[in-house]
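# Build me a model from this:
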Amino acid sequence: MKLYNKTVWNTKELRAFFNMISKREGYFPQTIKVVPSRTHMHGLGGIGFGYVKLWIPKTKIKVDIKTKRGRDVELEVLKTGGLRLLARIYIHELGHNLGLDHPEMISIDDINVDFLNGLEIHKN
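Next up, the predicted model:
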């Protein structure tokens, strides 16, 4: 798995995070590209392709991804809500890599990421 990190977040910690989730899900994409976002976290996964692209904000994150509203949270460390959201988006994009389309997938809010307790990703 190749990881291209263009963000302020620690590459080693991101790689460990994505590897842990991929191992749990039973699928490792060929390439993950992580780039900065100005507003909110989101992702892209090609259907049938081993490619995932994720956008992560540099300093703030919207807590509610459905409405893109709610409170802005300052980020020095990616943890708790932000890390759970990143995991859910990554798992969702892995589903696209495996050939699933939105009607075949569960809601992103229903993806269980309780195994993330205590994990953190720091800035470089």
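# Just give me the neighbour total for residue 3.
16 (other CB atoms under 10 Å). Yep, even glycine has a C-beta here, placed from its N, CA and C like the rest.
# In the protein, spot the helix with the most residues.
Ranked by residue count under DSSP state H, the longest helix found in the chain is helix 80-97.
# Name the residues of it that come out as buried.
Residues of helix 80-97 classed as buried under the neighbour-count rule (16 or more other CB atoms under 10 Å) are 82-97.
# what helices or strands is it leaning on?
helix 11-25, strand 42-45, strand 51-57, strand 60-62 (3 or more CB pairs under 8 Å, 6 or more residues apart in numbering; DSSP states H and E).
# show me the contacts for the residue nearest the centre of the chain.
By CA atoms, centre = their mean, the chain has its centre lying nearest to residue 86, at 2.9 Å. Applying CB atoms under 8 Å, 6 or more residues apart in numbering to residue 86 gives the contacts 17, 41, 54, 56, 78.
# Apart from its neighbours in sequence, what residue is nearest residue 93?
Distance criterion CB to CB, 6 or more residues apart in numbering; nearest residue to residue 93, sequence neighbours excluded, is residue 45 at 3.0 Å.
# Specify the residue positioned farthest from the middle of the protein.
In the chain, counting by CA atoms, centre = their mean, residue 103 sits farthest out from the average C-alpha position, at 20.3 Å.
# ok, what's across the strand from the residue nearest to residue 93?
Following DSSP bridges, residue 45 is listed with bridge partners residue 52.
# Verify the stated contact: it with residue 52.
Yes - counting by CB atoms under 8 Å, residue 52 is a contact partner of residue 45 at 4.9 Å.
# Can you check which residues contact both of those two?
29, 93, 94, 97.
# Alright, I will stop here.
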